Each structure stands twice: as C-alpha cells, then as structure tokens.
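> predicted structure and sequence below. I'll ask about it afterward.
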Amino acid sequence: MRPSLPMLLRLGALALLAVFITQPQWFEPVFRPLTEGNAPAIYHRASLLSLTLSHLRTVAIATAAAGALALALAILVTRPFGAEFLPLSRMLVNIGQTFPPVAVLALAVPAVGFGETPTLIALFLYGLLPIFESALTGLTTLPAPVVEAAKGVGMTGWQRLIRVELPLALPVILSGIRLSVVISLATATIGSTVAAKTLGEVIIAGLLSNNLAFVLQGGLVVAMLAVLIYDMLGGLERLAARRTRRMAQQAR
C-alpha cells in the first residue's frame, strides 16, 4: 500500500528536523540574512541535538510524573470510597493553573536551586489539570453495557478497572496527555532562565544578542517537536478509540 500524502509530509518533517538538529551548519545560508554584522547565523554554544534531547527528557519526566498522580487521583475519586475527595483533588490539580510557570520557578529556585529541578516542578504542576480532567471524564462516561457485562462475568472492582475501565477510558486519557505534552514542550523553554538545559537557551541567547536567527532556530525546533508529537499521540488516540468501539460492540 502506497503511503498517503499526510504520511509523506509527516515523514518529511521528521527527516528535516533530524537533519537540522544534527547538522545545523548546513542551514547557515538560510539563517544568514536574519543576522546583523558578523553575528553567527547558527547557535554554537551547545549542540542543538543535546539541547533537544534534554528538552524532551525534561518534558517526558514531568509528564510521566503528572500523569501518574493525575490518573491515581482520577481513579480514587471515581471509586465509591473516594468520591468525597473530588473537591480536594480538583483544588490540588488546579494549583499549576493558579500560579504561572514563571512564578513557580521563582518560588522553586530558592528551595531546590538552579537547574532542571525547578523546571520539572513547574511542568509537573502545569500538566496535572488536563490529564486529571480527561481521566475523570473517561472514567465517568464509560459505556454502561460493557461495565455491566464485566460485572456479570464476576470481575472484581480492580479487575474491572484494569481490564475494562482503563482500556475504555484510554482514548480520552490520551487526549489529556497530548494536551499536557504540547503545553509542556512550549513552557519548558522558560526553564533556561534558571539554567535548565532546554531549547529556550537558544531563544534567550537570540533575544539577548538581538539575533533573530537564534530565536527562529529555537522556536522552529520547539514548534516542529510539538506538531510531530501531537500528531503521533493523536494517532495513538485514534487506535485506542477503535479498540474501545470494538469492545463496546462485543459487549452488545
């Protein structure tokens, strides 16, 4: 089967990004018109590849931690014994939205110092709400026939959760994770203001030196990462949705 045009575009974008972050000097003629005087056209204080990998690592750790806590809270408040904790859980996950990431960084640095840790704290708090709300929605809007069928075959509460409820809620949960990841990819750039190794280092260097080429390089890599990862997670979400529909049809 021949690949579709959207697939070719995705592969082309991924290949272009890979070439750019590994061999940025090849693109110097493209960025040279954006510089003034003898300013460098390509950021060279650190490799774009190492900054990209560090950026992705920070986002992955923060999203995994936020996802684990948000999902645990969503499971807790959708059980009969934990329903009363819903207001408290909502208040907890809303902390990240109450304080801007810059404010979280300012509060975290005196406590944990400069580097990656304050950035992880900010991204963790900022990523809780979308994952919690999507998990809560997914677990409270399950197809009734499937849940009843699981009860009818004698599954325990934990068996229903692991084998039925979480797989059925997975597409909605993934939509929250997708949103959280994209937000974190953009927000992580401010981590460079507290000495975290992210692509924000390139953008900040460009702003400080009035070098538009640097700003564009950092911004383009972050934007392409966001688009590609958003698209990839969207594909996983669609696959999970098809599996959920099959489960619902079998239950009928």
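Nice, thanks for sending it over.
> CA only for contacts and neighbour counts going forward, please
Noted.
> mind listing what the closest residue in space to E201 that isn't next to it in sequence touches?
Closest residue to E201 apart from its sequence neighbours, by C-alpha to C-alpha, 6 or more residues apart in numbering: S192 at 5.3 Å. The contact partners of S192, by C-alpha atoms under 8 Å, 6 or more residues apart in numbering, come to 198-201, 204.
> hmm, 6 Å instead?
Counting by C-alpha atoms under 6 Å, 6 or more residues apart in numbering, S192 touches 198, 200-201.
> how about the helices of the stretch 1-150 of the chain, start to end?
Assigned by DSSP state H, counting those that start in this stretch, the stretch 1-150 of the chain shows helices spanning 5-22, 28-31, 48-77, 86-93, 95-98, 101-112, 116-140, 144-152.
> could you dump the ones you listed into a markdown table with mean pLDDT added?
Converted to a markdown table, those look like this (pLDDT from 0 to 100):
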| stretch | mean pLDDT |
| --- | --- |
| helix 5-22 | 86 |
| helix 28-31 | 92 |
| helix 48-77 | 95 |
| helix 86-93 | 88 |
| helix 95-98 | 80 |
| helix 101-112 | 86 |
| helix 116-140 | 93 |
| helix 144-152 | 79 |
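> nearest to V172, of the ones you listed?
For V172, the closest of those is helix 116-140, at 5.4 Å, according to C-alpha to C-alpha.
> can you list contacts of that closest one?
62, 66, 70, 74, 93, 96, 101, 104-105, 108-109, 169, 172-173, 176-177, 180, 184, 191, 196.
> kindly report the same for stretch 233-242.
171, 174.
> for that stretch, buried residues please.
233-234, 237, 240-241 (16 or more other C-alpha atoms under 10 Å).
> closest to the centroid, which residue in the protein?
Compute the mean C-alpha point of the chain, and by C-alpha atoms, centre = their mean the closest residue is V181, 0.9 Å away.
> picking that back up, let me have the contacts of S192 in a markdown table, extended by pLDDT.
Below are those laid out as a markdown table (pLDDT from 0 to 100):
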| residue | pLDDT |
| --- | --- |
| T198 | 93 |
| G200 | 93 |
| E201 | 94 |
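> show me which of the residues you listed are buried.
Among the contacts of S192, the ones that count as buried by 16+ other C-alpha under 10 Å are 198, 200-201.
> take those and keep only those in helices.
200-201 (DSSP state H).
> where does the stretch 151-252 of the chain have low pLDDT?
Within the stretch 151-252 of the chain, the stretches with pLDDT under 70 are 247-252.
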